[in-house]
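# Got a predicted structure plus its sequence, pasted below:
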Amino acid sequence: MKSLGIQNGFKIAVSAAALSLLAATLPFGASAQDKGPMKVGLILPLQVPSGYESEVGADMAVAEINKAGGILGRQVELVKADDQSNPTAAVAEVRRLIETEKVEALLGSVISQVALAVAPHVVRGNIIEIGVAGSSAVTPQAAPNFISSYFNGDAQAEAMFRYAAEDLKAKSIGILAESGSQAQNGVERLKKLAADAGITITGVQSFDARTPDMTPQLLDLKGGSPDAMLFWMIQQEDVVTYLKNVKDLGWDVKTSASGVGATAANYVKSALGEGWMDNIHGTLLRLNTYCPGEPLNGSEWTSFLERIKAFNPKDVEKLNPGNIIMIYNATYALKAGIEGAGSTDPKAITNYFETNEVKIPTGVAKLSPQAHFMIGADDIVTVTGPDKPREDGLILRARCG
Amino acid sequence: MNELMVLLVRGIGIGAIYALIAMSFTVVYGSSRILNFAQGNFLILGGLIAAYVFGINPTPASWFLVLPLAAGAIAIIMAAQGIVTLWPLRSSTEQDSWVITTMAVSVIIGATLLLMRGPFSSVSASPFPSALIFGIPAPAPYVIALVLATFWYVFLRWFLTNTLPGLAISAISQDQDAARAAGIKVRRLQVAAFAISGLIIGSAGFVAAPVISLNAEGGFRFVVDGFAALIIGGLGSITGAAIGGLILGVLGMLATYFFGGEFRSLVVLLVLVAMLTTYPQGLFGFAKSRTV
């Protein structure tokens, strides 16, 4: 009896150990497989280039993630929706994704107003949203479940201002910005930076995206004779209009520009030809840049460009890698967040990002409870000659050494 | 460089594009009381022909050769749109099916462009350098648009008052039932008006291609401004459309310069409201009496 008891005890111990082992593997094993593919919503303005480029970035990242085993062992299935660059349409689409499609997480949007408009529905649906909004107005208070894989307007403003003040040695500046939320919030930050540094702002003007003519704004700003211009735009067509109108006015002014001032280089070249970007200095992610002496073909950016070429050879000449990397980043951040938190619970994921340094394609992200932007001011640098990339695709940093 | 002269020259230049859009609106409206909401898409189609044929390397001779062909192509498409739009009106003119039809055509063209070309903007350049007007450099598309607007204005004035089809269209615009009773082939002439409207908007898109966003959504802004020009000048008046466009172009420039870019739309809308409140028929429109 006794030995039987020992045998039974041994069996019970072995069974308990086996059950414990099984239970420990459940999140990555049986329950995950039972749930099948993980449905992830993708909300983008699919009718504009940045939306299409973001779609390419998400598709590319999901293909890579699925090939490597998915998220928590589950294959990712994207459910796409078009927000039409319209917050009202975005709300309807996000509700469809949450209520009808039953998505477990959301990628996008890439427009701050859209991120703010859908935020209450994302909270009600109890899902995480990782997108590319850049306005400082997208705070954890306004959109608690939203994380941006982008930099916020303040960081962009600081990079632009730093170049104008320290490299161009400007004592006075003029500001021309698009009328959208991200740029206008950035203008407020620029004003504060200028006031703190004792730099005079000679004029501030705005324009609607894709305006056919910026002459009246530029004439007004030129009248203030600033040492340098700060130009904040979102659409690449606006870079072309700016450069043409500045030339028409015979104005030889140095310009510190936002990101599109660098990433629009190919479009500017196709519209105007060579040699138009010598006086405009846009900002880029540090990993997209080089300083003289740095080796060729060794960077993550070069590898990323090659992967884009392989993934979408049809449109590769038209695509802006700067837009692709952001949602690509967001998709990998989603994987890191869910796997780090062990679930799709938005509170657990935001808490994971706020308490850990998380590796993402563009570097390391660590969020604070006050701001959910993954890229900081130090990750953004100003470049020179974006229309003349090195043979590995990298652009020369304006400040080296 | 005198700032006000710069604003005036460029305002008239961009205003000429608005004037062309407004004249194109007017030709269709005058013959059938239809406002064609697909105008912006046809403007873009005209521009896309220029971009597709030449890119940024047109030569003056080939450019002049392709211009009428592009306008003709848009005229044929727009005549087809006219047939579709006018078809439900064959039994009764007292209905508004044209609102849906013209909007549907706009959506179809926009979606087709998006599916065929993606969301990317095409680029185009003028074969001519900037011109100096009173010492002010004016981009070639503005100068050519002004010449084109003048041409279409003179042509339409002549056509509507000196040719039989033109006089018949004028008669339709005054009283469609009376014109039909007099034996005028109303539907045929209305379709012809759509085609003429297509010639105007197609040529406008072709010459303005270097200054407009050539993508599926690029025409919307211009249609709104062209419509505002129509209201300022007077609905149904060719002269009103031409002058209204120029006024709007200059007004937009001055409002931006003096008040800031964010106030441009506000100023234009305030002028529009003031016009509708105090002078609803517009500068060159006609007040209509109503039988009670």
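Right, received. Where do you want to start?

# Would you check that residue A:94 makes contact with residue A:107?
No - in this structure, residue A:94 is not within contact of residue A:107 by C-beta atoms under 8 Å, at 11.6 Å. No exception for glycine: its C-beta is placed from N, CA and C like everyone else's.

# Report the set of residues contacting both of the two.
Residues touching both residue A:94 and residue A:107 by C-beta atoms under 8 Å, 6 or more residues apart in numbering or on different chains: A:41, A:43.

# Those two: who's more crowded?
Each of residue A:94 and residue A:107 has its neighbours counted (other C-beta atoms under 10 Å in any protein chain shown); residue A:107 has more, 32 against 28.

# what ranges do the helices span in the stretch 1-150 of chain B?
For the stretch 1-150 of chain B, the helices defined by DSSP state H, counting those that start in this stretch occupy B:3-32, B:39-54, B:60-86, B:97-117, B:140-162.

# distance of the closest residue to residue A:94 other than its chain neighbours from residue A:143?
Nearest residue to residue A:94 in three dimensions, chain neighbours excluded: residue A:118, at 4.3 Å (C-beta to C-beta, 6 or more residues apart in numbering or on different chains). Residue A:118 sits 8 Å away from residue A:143, going by C-beta to C-beta, to the nearest Å.

# Touching both of the two, which residues are there?
residue A:129.

# Quick check: residues of the stretch 51-200 of chain B near chain A?
Contact residues, the stretch 51-200 of chain B versus chain A (C-beta under 8 Å from any C-beta of the partner chain): B:56, B:114, B:118-121, B:123, B:125, B:130, B:137, B:139.

# Out of those, which sit inside strands?
Those of these mapping onto strands are residue B:137, per DSSP state E.

# Can you redo the residues of the stretch 51-200 of chain B next to chain A as JSON lines, where the extra columns are pLDDT?
Below are those laid out as JSON lines (pLDDT from 0 to 100):
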{"residue": "B:56", "pLDDT": "88"}
{"residue": "B:114", "pLDDT": "90"}
{"residue": "B:118", "pLDDT": "87"}
{"residue": "B:119", "pLDDT": "88"}
{"residue": "B:120", "pLDDT": "88"}
{"residue": "B:121", "pLDDT": "90"}
{"residue": "B:123", "pLDDT": "92"}
{"residue": "B:125", "pLDDT": "93"}
{"residue": "B:130", "pLDDT": "91"}
{"residue": "B:137", "pLDDT": "88"}
{"residue": "B:139", "pLDDT": "94"}
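
# Any chance of a PyMOL selection covering the buried ones in the residues of the stretch 51-200 of chain B next to chain A?
This is how PyMOL selects the buried members of those, with burial counted by 16 or more other C-beta atoms under 10 Å in any protein chain shown:
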select buried, chain B and resi 56+114+118+119+120+121+123+125+130+137+139
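
# Just give me the closest of the residues of the stretch 51-200 of chain B next to chain A to residue B:244.
residue B:139 (21.9 Å; C-beta to C-beta).

# which residue packs closest to that closest one, ignoring adjacent ones?
residue B:130 (5.4 Å).

# how much space between the one you found and residue B:78?
Taken as C-beta to C-beta, the span from residue B:130 to residue B:78 is 31 Å.

# Check the burial of residue A:328 by counting its neighbours.
28.

# Quick check: residue A:222 touching residue A:248?
No - contact criterion C-beta under 8 Å: residue A:222 and residue A:248 do not qualify, at 11.3 Å.

# where in the stretch 201-350 of chain A is pLDDT low?
Regions of the stretch 201-350 of chain A meeting the criterion pLDDT under 70 cover residues A:297-298.

# And the strands in it?
A:228-232, A:254-257, A:280-281, A:283-285, A:289-290 (DSSP state E, counting those that start in this stretch).

# got the buried residues for stretch A:225-233?
Of the residues in stretch A:225-233, A:226-233 count as buried by neighbour count, 16+ other C-beta under 10 Å.

# For the stretch 201-350 of chain A, what lies in contact range of chain B?
So the stretch 201-350 of chain A meets chain B at A:204-208, A:210-213, A:215-217, A:219-220, A:223, A:236-237, A:240, A:244, A:248-250, A:267, A:270-273, A:315, A:318 (C-beta under 8 Å from any C-beta).

# ok, 7 Å please
Within reach of chain B by C-beta under 7 Å from any C-beta of the partner chain, the stretch 201-350 of chain A has these residues: A:205-207, A:210, A:212-213, A:215-217, A:219-220, A:237, A:248, A:270-271, A:315, A:318.

# Need the nearest residue in space to residue B:243, chain neighbours excluded.
Nearest non-adjacent residue to residue B:243 (C-beta to C-beta, 6+ apart): residue B:233, at 5.3 Å.

# what about residue B:207, neighbour count?
29.

# Which helix or which strand is home to residue B:230?
Residue B:230 belongs to helix B:220-233 when assigned by DSSP states H and E.

# Thanks again, I'm all set now.
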